[in-house]
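Novice: Structure, please.
(one chain, ligands or ions: 2)
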Amino acid sequence: MSETSAGVEIRQLHKRFKGGDHDAVDGVDLSIRDGELLVLLGPSGCGKTTLLRMIAGLEHPSAGEIYIAGRRVDQDVPPRARGIAMVFQSYALYPHRTVSGNIAFPLEAAHLPRAVIAEKVRWAAELFGIAGYLDRYPRQLSGGERQRVALCRAVVRDPQVFLLDEPLANLDAKLRNTARDELKRFQRQIKRTTVYVTHDQVEAMGLGDRIAVMDRGKVRQVGTPHEVYEDPVDTFVATFLGQPPMNLVEQPGGGGRTLLGFRPEHLLPSDHFGDREPLHPIPLIVRRVEYLGSDRYVYGTVEFAPDATVIAKLPANIGRAIPEEEGGRLDFAVPERALCHFDAQTGARVRR
Ligand SMILES: Nc1ncnc2c1ncn2[C@@H]1O[C@H](COP(=O)(O)OP(=O)(O)OP(=O)(O)O)[C@@H](O)[C@H]1O
Ligand SMILES: [Mg+2]
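Specialist: Ligands and ions are numbered 1, 2, ... in the order given. Just a heads-up that it's a prediction; the model follows:
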């Protein structure tokens, strides 16, 4: 493989589909760095695929600019000349070609010598552990194996940029974990710029060097998994990441309505914290306790906001018995450093 790699620069990108009454992509600015894996994360319909297809050249922007490796591509550079390889959620393999034939397809289309093609096919197949399946047809493969064929077909093209649209979505949970690990190691190894679309926050956290969180056509926040999780800019990002999501309860008193945000794993018995940790007490009135093996979720309410459900996530190693009966009062607290404050009207973070 050559050493070329490249960043992607997106400026004020818009897309409005014909007959649409809003922009599916609504003013996106993004700098995707050379060699990084950037995840586009957001709920269904927020514009992830549309953004990816515009980078690929399969969709024409209504406004804005796209640069790949410093070259402007959005006006008149066709998909095949953009130096990209895209893998879709549905792998789109050719059913009448063998695995080998599928992987070789883009190389044959580029009229590479047969020996070179054979070598590249073998290299990719070994990389993704499917060298034993080269003579099979797609129908003779499992979903996970087909997904690897699609990835092989993308990597043999030696693109400057990989565009992956939920490539693991069809796999079962266990296979998805393995495939995620493989993909990450592969990307680390070749250090090729990769834009990875998913609506799965765990996948995003596990894979991304950085995550761009999208909502209704807009990028709300870009940052490392740690930054977007620990330091969300608004209630959308705060509640989209984390399972269960961040607790949001209206603050008692104070000028202007604010929401107090704290993650379920930070809400713990007060005496669990060290003496020196400044705490914000949040007495919890138990509604229900859920045992989940590695964790217990305590669903409850707080006196200052009785309508809101608050969840505490207790690791199993906090061994003490939690009173399970409804109405029991627990002396819980959140460390001051783990509190977020949001404007109740706009959802924006205040007092950062
Ligand atoms: N060809 C099209 N014509 C009209 N509207 C479209 C078209 N493609 C997408 N849309 C609309 O644009 C918006 C964004 O769609 P997009 O496919 O980019 O979402 P997404 O974030 O990829 O969602 P998902 O997670 O479900 O794949 C949606 O409201 C969708 O209905
Ligand atoms: Mg999509």
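
Novice: List the residues that contact whichever residue of the stretch 101-250 of the chain sits closest to ligand 1.
Specialist: As assessed by Cβ to the nearest ligand atom, ligand 1 sits closest to residue 199 within the stretch 101-250 of the chain, at 4.6 Å. In this view, the C-beta of every residue, glycine as well, is placed from N, C-alpha and C. Residue 199 is in contact with 41, 42, 43, 44, 48, 166, counting by Cβ atoms under 8 Å, 6 or more residues apart in numbering.

Novice: and the two most separated of these?
Specialist: 43 and 166 (12.9 Å; Cβ to Cβ).

Novice: Which of those two has more residues huddled nearby?
Specialist: Using other Cβ atoms under 10 Å as the criterion, residue 43 and residue 166 rank with residue 166 on top: 19 against 13.

Novice: which residue sits closest to that one in space, ignoring its chain neighbours?
Specialist: In space, and not counting its chain neighbours, residue 166 is closest to residue 89: 4.2 Å by Cβ to Cβ, 6 or more residues apart in numbering.

Novice: related to what we said a few turns ago, keep only the contacts of residue 199 that also lie close to ligand 1.
Specialist: Counting by Cβ under 6 Å from any ligand atom, 42, 44, 48 from the contacts of residue 199 sit close to ligand 1.

Novice: What is the neighbour count of the residue of the stretch 251-352 of the chain found nearest ligand 1?
Specialist: Nearest to ligand 1, among the residues of the stretch 251-352 of the chain, is residue 347, at 20.0 Å (Cβ to the nearest ligand atom). When neighbours are defined as other Cβ under 10 Å, residue 347 has 17 of them.

Novice: dump the residue contacts of the closest residue to it other than its chain neighbours.
Specialist: Distances taken as Cβ to Cβ, 6+ apart place residue 235 nearest to residue 347, at 4.0 Å, with adjacent residues excluded. Shown in contact with residue 235 (Cβ under 8 Å, 6+ apart): 248, 259, 261, 342, 347.

Novice: Quick check: phi and psi at the second one.
Specialist: To tie it back to what came earlier, the one meant is residue 259. Main-chain torsions, residue 259, degrees, to the nearest 10: phi -110, psi 140.

Novice: The chain should start at 46 in everything you say after this.
Specialist: OK, 46 is where the count begins now, so the last one is residue 304.
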